[in-house]
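Asker: Predicted model, plus sequence, below.
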Amino acid sequence: MAFPNQNVSPELQQFIARESQVAQVQSMISSLTDVCWDKCISTPGSYLSGKEQSCLENCAGRFVEVTQYILQRATHKSGAGDSGF
Amino acid sequence: MDFNKGFSKPGEKVDDSQVMEQVQNQLRAQFVQEFYQTVRDKCFKMCISSPGSSLSNSDQKCLNKCMDRYQDATNVITKVIINQ
């Protein structure tokens, strides 16, 4: 976001940083719901069943873990010098 | 200061609070639009298997359920992420 011929006030900078973070979290929630809906919901009922709810919760939790797992393993591999890059 | 103003007029000097409010409104509107586009895609796929010449009652019932359940699913996922 560029404001030509204008110094960006600290207040505005904070605002931009905050809104960027909110947008990032929102984007993650949207993607996750998209993916996990496909995995967990076959036919929409009158309410979310316990099974469907558990599936969604597990899906979100595992997704976050997989993100960390892959990062950790990639870092470990490059440290050992056999990442292939 | 009227914070309920719409977009500023060309040449009008704006202050930071007006810019922030306008940006927030635009971001919110965009998010809502994208959300309903996703709901549309998911629920069409789920509920309309053999497209007829109109939306039947059962089509509409399925769409209603699908919309509400997708909102529920979003809330479930949100809780997991926020509580990380």
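Answerer: Done, it's in.

Asker: How is the residue nearest the centre of chain A assigned, secondary-structure-wise?
Answerer: The residue lying closest to the centre of chain A (CA atoms, centre = their mean) is A:Met28, at 3.2 Å. The local conformation at A:Met28, judged by DSSP: H, G, I helix; E, B strand; the rest coil, is helix.

Asker: for the one 5 residues further on, same thing?
Answerer: Assigned with three-state DSSP, A:Thr33 falls in the helix class.

Asker: That one against B:Tyr70, yeah?
Answerer: Yes - taking contacts as CB atoms under 8 Å, A:Thr33 lies within contact range of B:Tyr70: 7.5 Å. To be clear about C-beta, it is placed using only N, CA and C from the backbone, and glycine gets the same treatment.

Asker: The spatially closest residue to A:Met28 that is not a sequence neighbour: helix or strand, and which one exactly?
Answerer: Among residues not flanking A:Met28 along the chain, B:Ile81 sits closest, at 6.5 Å (CB to CB, 6 or more residues apart in numbering or on different chains). Secondary structure assignment for B:Ile81, by DSSP states H and E: helix B:57-82.

Asker: Just the buried residues of that helix, please?
Answerer: With burial defined by 16 or more other CB atoms under 10 Å in any protein chain shown, the residues of helix B:57-82 counted as buried are B:59, B:62-63, B:65-70, B:72-74, B:76-78, B:80-81.

Asker: isn't the residue nearest to the centre of chain A right up against B:Thr78?
Answerer: No - the pair A:Met28 / B:Thr78 is not scored as a contact, 10.0 Å apart, by CB under 8 Å.
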